[in-house]
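Visitor: Starting from these lines, generate the structure:
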Amino acid sequence: MFGSKKKLDDLMAQLRPDLSRESLGVGPDFPGVAPNPSLSSDARKRNAELRTGALAIGVLVDWREVNSNPRVVLILDVETAGGSSFRGIADEALTITELTRLAPGQTLPVRYRPAVMDHYVALARDADPAHVQQLSDQIASRKRT
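Guide: Numbering: from 1, shown residues only. This is a model prediction of the structure:
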C-alpha cells in the first residue's frame, strides 16, 4: 500500500536500531518486528500458529521495550525437544509485574513453528508444568552426554 515490505523493515530498523536484525542477533531471513502486530495480518496469523506450536525451552538473553503498554521483544536462546537450538524472538504484551520479574538467564517455556523456523517464538503460558519439566530434563540430559 505505501511501498514495499522491505522499505517498511528498513524504516523500523532506522526508527528503532535496537530492534534491527543485527541488534537482535538473528539472520537476514528474520522478517522483522512488526510496528503494530494488531494491524499486521502476517503477525496475527503467526501469533495464532504459535499458540499451537511445538513446545521448547528458552533462556532469556535480553529484552527490548517496544512501547509503554508494556509491549516487549524478548530475545531467547531456544532449545527444542529434537535437539536443535536457535535465537528466538518473542513479541509479547506483559504486565508490569511480569516485566519487573524478567532477568537474563531465566528459563521460560516457549512455542515455535518447526516447519517455518523464522526465529519467532511465543511464551507458552498454557504449558503443563509437568510437560515443561520433562522437556527441561530431556534437554539437560542431552547436554550431559
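Visitor: What segments of the protein are helices?
Guide: 5-15, 21-24, 41-51, 96-100, 129-144 (DSSP state H).
Visitor: contacting residues for R21?
Guide: Taking CB atoms under 8 Å, 6 or more residues apart in numbering, we find R21 in contact with 13, 27-28, 30, 32. Any C-beta I mention is one placed from the backbone N, CA and C, and that applies to glycine too.
Visitor: Can you give me the neighbour number for D62?
Guide: D62 has 14 neighbouring residues, counting by other CB atoms under 10 Å.
Visitor: Out of the helices of the chain, the one nearest P70 is which?
Guide: Proximity to P70 (CB to CB) singles out helix 96-100 among these, at 5.3 Å.
Visitor: picking that back up, could I get the helices of the chain in TSV, plus columns for mean pLDDT and distance to G83?
Guide: Listed next are the helices of the chain as TSV, based on pLDDT from 0 to 100; distance: least, CB to CB, whole Å:
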stretch	mean pLDDT	distance to G83
helix 5-15	62	31
helix 21-24	79	23
helix 41-51	88	21
helix 96-100	91	29
helix 129-144	90	6
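Visitor: nearest to I57, of those?
Guide: helix 129-144 (5.7 Å).
Visitor: So what's the gap between that closest one and the chain middle?
Guide: Distance of helix 129-144 from the chain centroid (CA atoms, centre = their mean, to the nearest Å) equals 20 Å.
Visitor: elements contacting the longest strand along the chain?
Guide: Assignment by DSSP state E gives strand 54-67 as the longest strand of the chain. Packing partners of strand 54-67 (3 or more CB pairs under 8 Å, 6 or more residues apart in numbering; DSSP states H and E): strand 71-80, strand 85-93, strand 107-112, helix 129-144.
Visitor: Keeping just the C-alphas, turn the longest one into CSV.
Guide: In CSV, the C-alpha atoms belonging to helix 129-144 read as follows (Å, rounded to 0.1, in the frame of the first residue of the first chain):
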residue,chain,number,x,y,z
PRO,A,129,4.3,-27.6,34.2
ALA,A,130,4.9,-31.4,34.2
HIS,A,131,5.5,-31.4,30.5
VAL,A,132,7.8,-28.4,30.7
GLN,A,133,9.8,-30.1,33.5
GLN,A,134,10.0,-33.3,31.4
LEU,A,135,11.3,-31.3,28.4
SER,A,136,13.8,-29.5,30.6
ASP,A,137,15.1,-32.8,32.0
GLN,A,138,15.4,-34.2,28.4
ILE,A,139,17.4,-31.2,27.2
ALA,A,140,19.6,-31.2,30.3
SER,A,141,20.4,-35.0,30.0
ARG,A,142,21.3,-34.5,26.3
LYS,A,143,23.8,-31.7,27.4
ARG,A,144,25.4,-34.0,30.0
